[in-house]
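Student: The following block contains a protein sequence and its predicted model.
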Amino acid sequence: MNPVKSLKAQKNQLGEAAFQLQVLQDTERLGRTLPTFESQLKAQGLFPLIPTTLDIFQINVGKMCNQVCTHCHVDAGPDRKEIMTQETMQQCIDVLAKFPFKSVDLTGGAPEMNPHFRWFIEEIRRVQPDIQIIVRCNLTIIRANKKYYDLPEFFRQHRIEVVSSLPFYTATRTDAQRGDGVFEDSIKALQMLNEVGYGREGTGLTLNLVYNPAGAFLPTNQAGLEKEFKKSLKTKYDIDFNSLFAITNIPISRFLDHLLISGKYGDYMETLVTAYNPEAAEQVMCRNSLSISWDGFLYDCDFNQMLELKVDTSNQHISNFDYQALVSRQIQVNQHCFGCTASAGSSCRGTVAHN
Ligand code: SF4
Ligand code: SF4
(Lines give C-alpha, C1' and ligand atoms only; values in the text may rest on other atoms or scores of the structure.)
(Ligands and ions follow the chains in the order given, each with its own letter.)
Protein backbone atom coordinates (compact mmCIF):
# COMPACT_ATOMS: atom_id res chain seq x y z
CA MET A 1 0.00 0.00 0.00
CA ASN A 2 1.37 3.40 -0.97
CA PRO A 3 2.08 6.01 1.69
CA VAL A 4 0.07 9.21 1.31
CA LYS A 5 2.67 11.39 2.93
CA SER A 6 6.46 11.53 3.12
CA LEU A 7 8.18 10.12 6.22
CA LYS A 8 9.10 13.69 7.06
CA ALA A 9 5.45 14.82 7.03
CA GLN A 10 4.48 11.78 9.09
CA LYS A 11 7.17 12.81 11.60
CA ASN A 12 8.63 9.32 11.25
CA GLN A 13 12.14 9.16 12.73
CA LEU A 14 13.43 7.72 9.47
CA GLY A 15 12.63 11.07 7.87
CA GLU A 16 15.82 12.25 9.61
CA ALA A 17 19.19 11.45 8.04
CA ALA A 18 20.91 11.12 11.43
CA PHE A 19 18.48 8.40 12.51
CA GLN A 20 18.96 6.47 9.25
CA LEU A 21 22.73 6.52 9.81
CA GLN A 22 22.20 5.32 13.37
CA VAL A 23 20.14 2.38 12.08
CA LEU A 24 22.76 1.52 9.45
CA GLN A 25 25.46 1.43 12.17
CA ASP A 26 23.37 -0.52 14.68
CA THR A 27 24.66 -4.11 14.57
CA GLU A 28 22.01 -5.31 17.05
CA ARG A 29 19.22 -4.51 14.60
CA LEU A 30 20.88 -6.78 12.04
CA GLY A 31 20.63 -9.80 14.34
CA ARG A 32 23.93 -11.07 12.90
CA THR A 33 27.50 -9.96 12.34
CA LEU A 34 28.30 -8.52 8.94
CA PRO A 35 31.50 -6.89 7.70
CA THR A 36 31.58 -3.14 7.19
CA PHE A 37 31.69 -1.68 3.69
CA GLU A 38 34.96 -0.02 4.61
CA SER A 39 36.53 -3.37 5.53
CA GLN A 40 35.40 -4.88 2.19
CA LEU A 41 37.06 -2.01 0.32
CA LYS A 42 40.21 -2.39 2.43
CA ALA A 43 40.39 -6.10 1.62
CA GLN A 44 40.64 -5.31 -2.08
CA GLY A 45 42.96 -2.29 -1.63
CA LEU A 46 40.27 0.21 -2.62
CA PHE A 47 40.09 2.19 0.62
CA PRO A 48 40.02 5.16 0.81
CA LEU A 49 37.69 5.25 -2.18
CA ILE A 50 38.63 8.10 -4.48
CA PRO A 51 37.20 9.40 -7.78
CA THR A 52 38.66 8.34 -11.11
CA THR A 53 37.33 11.49 -12.80
CA LEU A 54 34.47 14.02 -12.62
CA ASP A 55 32.18 13.39 -15.60
CA ILE A 56 28.63 13.52 -14.29
CA PHE A 57 27.07 16.54 -12.61
CA GLN A 58 23.86 15.30 -11.00
CA ILE A 59 21.55 18.00 -9.71
CA ASN A 60 18.64 17.30 -7.42
CA VAL A 61 16.43 20.33 -8.12
CA GLY A 62 13.95 19.59 -5.34
CA LYS A 63 12.08 17.04 -3.28
CA MET A 64 8.61 17.97 -4.48
CA CYS A 65 6.90 15.20 -6.43
CA ASN A 66 3.39 14.36 -7.64
CA GLN A 67 3.88 10.77 -6.42
CA VAL A 68 4.69 9.12 -3.09
CA CYS A 69 6.35 5.83 -4.11
CA THR A 70 6.93 3.18 -1.45
CA HIS A 71 10.64 2.75 -2.20
CA CYS A 72 11.64 6.42 -2.73
CA HIS A 73 15.13 7.13 -1.41
CA VAL A 74 14.48 10.89 -1.53
CA ASP A 75 11.35 10.66 0.65
CA ALA A 76 9.77 12.89 -2.00
CA GLY A 77 6.12 13.83 -2.30
CA PRO A 78 3.63 16.67 -2.76
CA ASP A 79 4.23 17.74 0.84
CA ARG A 80 7.96 18.37 0.31
CA LYS A 81 8.66 22.05 -0.35
CA GLU A 82 12.47 21.99 -0.75
CA ILE A 83 13.11 23.44 -4.21
CA MET A 84 16.30 24.77 -5.85
CA THR A 85 16.22 28.55 -6.35
CA GLN A 86 17.15 30.28 -9.61
CA GLU A 87 20.18 31.74 -7.83
CA THR A 88 21.54 28.27 -6.96
CA MET A 89 20.77 27.11 -10.51
CA GLN A 90 22.84 30.02 -11.81
CA GLN A 91 25.73 28.90 -9.60
CA CYS A 92 25.45 25.42 -11.17
CA ILE A 93 25.45 26.95 -14.66
CA ASP A 94 28.58 28.97 -13.83
CA VAL A 95 30.37 25.75 -12.81
CA LEU A 96 29.15 23.88 -15.89
CA ALA A 97 30.38 26.71 -18.14
CA LYS A 98 33.86 26.47 -16.64
CA PHE A 99 34.63 22.78 -16.04
CA PRO A 100 34.69 19.80 -18.43
CA PHE A 101 31.69 17.74 -17.28
CA LYS A 102 30.33 15.33 -19.89
CA SER A 103 26.83 14.96 -18.56
CA VAL A 104 24.23 16.86 -16.51
CA ASP A 105 21.70 14.63 -14.80
CA LEU A 106 18.59 16.38 -13.46
CA THR A 107 16.66 14.59 -10.78
CA GLY A 108 14.25 15.23 -7.90
CA GLY A 109 11.40 14.67 -6.75
CA ALA A 110 9.81 15.47 -10.08
CA PRO A 111 12.34 17.95 -11.53
CA GLU A 112 9.72 19.39 -13.88
CA MET A 113 7.79 20.76 -10.86
CA ASN A 114 10.57 23.24 -10.14
CA PRO A 115 9.24 26.53 -11.58
CA HIS A 116 12.64 27.33 -13.12
CA PHE A 117 13.11 23.90 -14.72
CA ARG A 118 12.75 24.97 -18.38
CA TRP A 119 14.83 28.11 -17.92
CA PHE A 120 17.55 25.99 -16.30
CA ILE A 121 17.73 23.58 -19.24
CA GLU A 122 17.79 26.41 -21.77
CA GLU A 123 20.67 28.06 -19.91
CA ILE A 124 22.65 24.80 -19.60
CA ARG A 125 22.25 24.31 -23.36
CA ARG A 126 23.35 27.89 -23.99
CA VAL A 127 26.61 27.54 -22.03
CA GLN A 128 27.30 23.92 -23.09
CA PRO A 129 25.58 23.28 -26.47
CA ASP A 130 26.88 19.70 -26.78
CA ILE A 131 26.73 18.41 -23.22
CA GLN A 132 24.52 15.40 -22.53
CA ILE A 133 21.48 16.46 -20.48
CA ILE A 134 19.49 13.75 -18.74
CA VAL A 135 16.10 14.31 -17.11
CA ARG A 136 14.79 11.70 -14.67
CA CYS A 137 11.12 12.02 -15.54
CA ASN A 138 8.61 10.00 -13.53
CA LEU A 139 6.27 9.88 -16.58
CA THR A 140 3.03 10.67 -14.72
CA ILE A 141 4.07 14.31 -14.40
CA ILE A 142 3.53 14.62 -18.18
CA ARG A 143 -0.14 13.72 -17.61
CA ALA A 144 -0.59 15.48 -14.26
CA ASN A 145 -1.60 18.90 -15.57
CA LYS A 146 -2.12 20.56 -18.96
CA LYS A 147 0.92 22.76 -18.38
CA TYR A 148 3.09 19.63 -18.64
CA TYR A 149 1.52 18.11 -21.76
CA ASP A 150 4.15 19.68 -24.02
CA LEU A 151 7.12 18.30 -22.04
CA PRO A 152 7.90 15.61 -24.68
CA GLU A 153 8.24 18.36 -27.30
CA PHE A 154 10.34 20.51 -24.94
CA PHE A 155 12.61 17.52 -24.27
CA ARG A 156 12.93 16.87 -28.01
CA GLN A 157 13.82 20.48 -28.81
CA HIS A 158 16.62 20.48 -26.23
CA ARG A 159 17.92 17.00 -27.08
CA ILE A 160 17.30 15.71 -23.56
CA GLU A 161 17.86 12.05 -22.72
CA VAL A 162 14.79 10.89 -20.81
CA VAL A 163 15.22 8.29 -18.05
CA SER A 164 12.00 7.05 -16.50
CA SER A 165 11.11 4.61 -13.77
CA LEU A 166 8.68 1.88 -14.68
CA PRO A 167 8.99 -0.79 -11.99
CA PHE A 168 7.29 -3.41 -14.17
CA TYR A 169 5.34 -3.92 -17.40
CA THR A 170 2.13 -4.77 -15.55
CA ALA A 171 -0.29 -2.46 -13.74
CA THR A 172 -0.46 -4.53 -10.54
CA ARG A 173 3.25 -4.44 -9.79
CA THR A 174 3.80 -0.86 -10.92
CA ASP A 175 0.82 0.54 -9.01
CA ALA A 176 1.80 -1.37 -5.86
CA GLN A 177 5.09 0.54 -5.80
CA ARG A 178 4.08 3.90 -7.24
CA GLY A 179 0.36 4.37 -6.53
CA ASP A 180 -3.04 3.58 -8.07
CA GLY A 181 -3.38 4.50 -11.73
CA VAL A 182 0.35 5.19 -12.17
CA PHE A 183 0.83 2.39 -14.71
CA GLU A 184 -1.98 3.65 -16.97
CA ASP A 185 -0.70 7.24 -16.88
CA SER A 186 2.88 6.04 -17.44
CA ILE A 187 1.80 4.12 -20.55
CA LYS A 188 0.06 7.21 -21.94
CA ALA A 189 3.13 9.34 -21.20
CA LEU A 190 5.42 6.80 -22.90
CA GLN A 191 3.17 6.89 -25.97
CA MET A 192 3.40 10.70 -25.98
CA LEU A 193 7.20 10.46 -25.83
CA ASN A 194 7.17 7.90 -28.67
CA GLU A 195 4.96 10.21 -30.74
CA VAL A 196 7.62 12.94 -30.84
CA GLY A 197 10.26 10.32 -31.67
CA TYR A 198 11.63 9.19 -28.28
CA GLY A 199 12.76 5.58 -28.30
CA ARG A 200 11.98 5.23 -32.02
CA GLU A 201 14.74 3.96 -34.29
CA GLY A 202 16.74 6.55 -36.22
CA THR A 203 15.56 9.64 -34.29
CA GLY A 204 18.55 9.89 -31.95
CA LEU A 205 16.10 10.65 -29.12
CA THR A 206 16.90 8.39 -26.18
CA LEU A 207 14.30 7.03 -23.81
CA ASN A 208 15.60 4.67 -21.11
CA LEU A 209 13.54 2.90 -18.47
CA VAL A 210 14.48 2.02 -14.91
CA TYR A 211 13.43 -1.19 -13.19
CA ASN A 212 13.82 -1.80 -9.48
CA PRO A 213 12.70 -4.87 -7.53
CA ALA A 214 9.31 -4.80 -5.82
CA GLY A 215 10.74 -6.03 -2.51
CA ALA A 216 13.77 -7.09 -0.50
CA PHE A 217 15.59 -8.95 -3.27
CA LEU A 218 18.19 -8.21 -5.93
CA PRO A 219 17.29 -7.42 -9.55
CA THR A 220 17.57 -10.31 -11.97
CA ASN A 221 19.66 -10.12 -15.13
CA GLN A 222 19.36 -6.66 -16.76
CA ALA A 223 19.57 -7.88 -20.35
CA GLY A 224 16.89 -10.51 -19.76
CA LEU A 225 14.57 -7.98 -18.10
CA GLU A 226 15.09 -5.55 -20.98
CA LYS A 227 13.97 -8.21 -23.47
CA GLU A 228 10.85 -8.98 -21.41
CA PHE A 229 9.95 -5.29 -21.03
CA LYS A 230 10.50 -4.61 -24.76
CA LYS A 231 8.39 -7.54 -25.86
CA SER A 232 5.51 -6.81 -23.51
CA LEU A 233 5.36 -3.03 -24.00
CA LYS A 234 5.62 -3.34 -27.80
CA THR A 235 3.02 -6.07 -28.11
CA LYS A 236 0.45 -4.58 -25.79
CA TYR A 237 0.94 -0.83 -26.23
CA ASP A 238 3.20 -0.31 -29.29
CA ILE A 239 5.79 1.34 -27.01
CA ASP A 240 9.49 1.51 -27.92
CA PHE A 241 12.37 2.45 -25.64
CA ASN A 242 16.16 2.20 -25.85
CA SER A 243 17.60 0.52 -22.75
CA LEU A 244 16.44 -0.78 -19.41
CA PHE A 245 18.50 0.03 -16.32
CA ALA A 246 18.06 -2.49 -13.49
CA ILE A 247 18.83 -0.88 -10.16
CA THR A 248 19.08 -2.24 -6.63
CA ASN A 249 16.98 -0.75 -3.82
CA ILE A 250 19.34 1.08 -1.47
CA PRO A 251 18.54 0.52 2.22
CA ILE A 252 17.79 4.13 3.17
CA SER A 253 14.71 6.31 3.66
CA ARG A 254 11.35 4.76 2.67
CA PHE A 255 12.87 1.46 1.56
CA LEU A 256 14.68 1.21 4.90
CA ASP A 257 11.34 1.90 6.60
CA HIS A 258 9.80 -0.95 4.58
CA LEU A 259 12.66 -3.30 5.53
CA LEU A 260 12.30 -2.53 9.22
CA ILE A 261 8.50 -2.80 9.28
CA SER A 262 8.52 -6.09 7.36
CA GLY A 263 11.30 -7.55 9.55
CA LYS A 264 13.52 -8.10 6.48
CA TYR A 265 16.28 -5.62 7.27
CA GLY A 266 18.88 -8.13 8.49
CA ASP A 267 18.20 -10.61 5.67
CA TYR A 268 18.38 -7.89 3.02
CA MET A 269 21.68 -6.51 4.33
CA GLU A 270 23.08 -10.03 4.39
CA THR A 271 21.94 -10.55 0.78
CA LEU A 272 23.74 -7.36 -0.28
CA VAL A 273 26.91 -8.20 1.64
CA THR A 274 27.02 -11.80 0.42
CA ALA A 275 26.65 -10.61 -3.18
CA TYR A 276 29.52 -8.07 -2.84
CA ASN A 277 31.28 -7.90 -6.19
CA PRO A 278 34.80 -6.37 -6.24
CA GLU A 279 34.42 -5.50 -9.94
CA ALA A 280 31.27 -3.51 -9.14
CA ALA A 281 33.09 -1.78 -6.27
CA GLU A 282 35.71 -0.53 -8.74
CA GLN A 283 32.93 1.01 -10.86
CA VAL A 284 30.64 2.67 -8.30
CA MET A 285 29.09 5.84 -9.72
CA CYS A 286 30.48 8.18 -7.04
CA ARG A 287 33.89 7.63 -8.65
CA ASN A 288 32.94 9.71 -11.70
CA SER A 289 30.15 11.91 -10.49
CA LEU A 290 29.11 14.63 -8.12
CA SER A 291 25.69 15.28 -6.65
CA ILE A 292 24.29 18.74 -5.89
CA SER A 293 21.34 19.24 -3.55
CA TRP A 294 18.43 21.69 -3.89
CA ASP A 295 20.24 24.08 -1.52
CA GLY A 296 23.55 23.87 -3.40
CA PHE A 297 25.57 21.54 -1.18
CA LEU A 298 27.85 18.92 -2.73
CA TYR A 299 27.72 15.16 -2.15
CA ASP A 300 29.35 12.01 -3.52
CA CYS A 301 25.99 10.70 -4.77
CA ASP A 302 22.23 11.18 -4.41
CA PHE A 303 22.15 8.56 -1.62
CA ASN A 304 24.81 10.31 0.45
CA GLN A 305 22.86 13.51 -0.20
CA MET A 306 19.76 12.01 1.44
CA LEU A 307 21.91 10.87 4.38
CA GLU A 308 23.35 14.41 4.57
CA LEU A 309 26.92 13.12 4.17
CA LYS A 310 28.52 16.09 2.43
CA VAL A 311 31.73 15.77 0.39
CA ASP A 312 34.84 15.49 2.52
CA THR A 313 36.46 18.73 1.32
CA SER A 314 36.78 22.16 2.93
CA ASN A 315 34.50 23.81 0.34
CA GLN A 316 31.18 22.00 0.34
CA HIS A 317 28.94 24.40 -1.57
CA ILE A 318 28.45 25.07 -5.28
CA SER A 319 29.16 28.79 -4.68
CA ASN A 320 32.68 27.81 -3.66
CA PHE A 321 33.47 25.13 -6.23
CA ASP A 322 36.97 23.65 -5.98
CA TYR A 323 37.45 21.19 -8.87
CA GLN A 324 40.90 19.98 -7.80
CA ALA A 325 39.83 19.27 -4.22
CA LEU A 326 36.71 17.44 -5.42
CA VAL A 327 38.48 15.23 -7.94
CA SER A 328 40.94 14.09 -5.27
CA ARG A 329 38.47 13.83 -2.35
CA GLN A 330 37.86 10.72 -0.23
CA ILE A 331 34.38 9.40 -0.89
CA GLN A 332 32.23 8.94 2.23
CA VAL A 333 31.13 5.34 2.51
CA ASN A 334 28.74 3.58 4.88
CA GLN A 335 26.72 0.35 5.02
CA HIS A 336 24.14 1.52 2.43
CA CYS A 337 26.99 1.39 -0.15
CA PHE A 338 26.57 -2.41 -0.27
CA GLY A 339 23.53 -1.64 -2.45
CA CYS A 340 25.86 -0.36 -5.20
CA THR A 341 28.23 -3.33 -5.14
CA ALA A 342 25.91 -6.34 -4.95
CA SER A 343 25.93 -8.80 -7.84
CA ALA A 344 26.30 -6.87 -11.14
CA GLY A 345 26.32 -3.59 -9.18
CA SER A 346 23.93 -0.70 -9.40
CA SER A 347 24.15 2.92 -10.52
CA CYS A 348 21.86 5.57 -11.96
CA ARG A 349 22.55 3.88 -15.32
CA GLY A 350 21.89 0.34 -14.15
CA THR A 351 24.43 -2.43 -13.68
CA VAL A 352 28.16 -1.67 -13.76
CA ALA A 353 29.81 -5.11 -13.80
CA HIS A 354 29.46 -8.77 -14.65
CA ASN A 355 27.92 -11.03 -12.06
S1 SF4 B 1 8.46 9.49 -8.64
FE2 SF4 B 1 10.59 9.28 -8.00
S3 SF4 B 1 10.99 11.04 -6.70
FE4 SF4 B 1 8.76 10.85 -6.89
S5 SF4 B 1 8.16 9.65 -5.08
FE6 SF4 B 1 8.47 8.23 -6.80
S7 SF4 B 1 10.60 7.52 -6.61
FE8 SF4 B 1 10.37 9.39 -5.36
S1 SF4 C 1 26.00 4.78 -2.07
FE2 SF4 C 1 27.00 6.51 -3.03
S3 SF4 C 1 28.97 6.69 -1.97
FE4 SF4 C 1 28.19 4.63 -1.58
S5 SF4 C 1 29.12 3.36 -3.18
FE6 SF4 C 1 27.07 4.01 -3.87
S7 SF4 C 1 27.46 5.81 -5.11
FE8 SF4 C 1 29.30 5.47 -3.83
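Tutor: Everything's here; your move. Numbering: from 1, shown residues only. Ligands and ions are numbered 1, 2, ... in the order given.

Student: Strands along this protein, start to end?
Tutor: Along the chain, the segments classed as strands by DSSP state E run 56-60, 103-107, 132-136, 160-165, 207-211, 244-246, 289-292, 298-299.

Student: Determine whether any part of the shortest one lies close to ligand 2.
Tutor: Spelled out, it's strand 298-299. No. On the criterion Cβ under 6 Å from any ligand atom, strand 298-299 is out of touch with ligand 2, staying 8.3 Å away. Glycine gets a C-beta too; all of them are placed from N, C-alpha and C.

Student: burial measure for the nearest residue to residue 319 once chain neighbours are set aside, as a count.
Tutor: Distance criterion Cβ to Cβ, 6 or more residues apart in numbering; nearest residue to residue 319, sequence neighbours excluded, is residue 91 at 5.2 Å. Neighbourhood size, residue 91 [other Cβ atoms under 10 Å]: 19.

Student: Ok, residue 149 next?
Tutor: 13.

Student: what do you get for the one 10 residues further on?
Tutor: Residues lying near residue 159 (other Cβ under 10 Å) number 15.

Student: Look at the closest residue to it other than its chain neighbours and report its pLDDT.
Tutor: Once flanking residues are discounted, residue 159 sits nearest to residue 133: 7.3 Å by Cβ to Cβ, 6+ apart. Per-residue confidence (pLDDT) for residue 133: 98.

Student: who are the neighbours in contact with residue 133?
Tutor: The contact partners of residue 133, by Cβ atoms under 8 Å, 6 or more residues apart in numbering, come to 103-104, 106, 121, 124-125, 158-161.

Student: need the contact list for whichever residue of the stretch 251-355 of the chain sits closest to ligand 1.
Tutor: Minimum separation of the stretch 251-355 of the chain from ligand 1 (Cβ to the nearest ligand atom) falls at residue 254, amounting to 8.1 Å. Neighbouring residues of residue 254 by Cβ under 8 Å, 6+ apart: 3, 7, 14, 69-73, 75.

Student: now that we have these, which one has the most neighbours?
Tutor: Going by other Cβ under 10 Å, residue 75 tops the contacts of residue 254 with 28 neighbours.

Student: Could you pick out the longest helix of this structure?
Tutor: helix 222-237 (DSSP state H).

Student: and it, what's its mean pLDDT?
Tutor: The model assigns helix 222-237 a mean pLDDT of 98.

Student: what does stretch 44-54 give?
Tutor: Here the average pLDDT along stretch 44-54 is 98.

Student: for ligand 1, what are the nearby residues on this protein?
Tutor: So the chain meets ligand 1 at 65, 67-69, 72, 74, 76-77, 108-110, 138 (Cβ under 6 Å from any ligand atom).

Student: Check the residues you listed and tell me the two furthest apart.
Tutor: Longest distance between any two of these is 13.1 Å, between 68 and 108; criterion Cβ to Cβ.

Student: Among the two, which residue is more densely surrounded?
Tutor: residue 108 (28 against 22).

Student: Now do the contacts for the more buried one.
Tutor: So residue 108 contacts 60-65, 74, 76, 114, 136 (Cβ under 8 Å, 6+ apart).

Student: how about a markdown table for those residues, with neighbour count and distance to ligand 2 added?
Tutor: Below are those laid out as a markdown table (neighbours: other Cβ atoms under 10 Å; distance: Cβ to the nearest ligand atom, whole Å):
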| residue | neighbour count | distance to ligand 2 |
| --- | --- | --- |
| 60 | 25 | 13 |
| 61 | 28 | 19 |
| 62 | 27 | 20 |
| 63 | 24 | 18 |
| 64 | 20 | 23 |
| 65 | 25 | 21 |
| 74 | 23 | 14 |
| 76 | 29 | 18 |
| 114 | 22 | 23 |
| 136 | 22 | 16 |
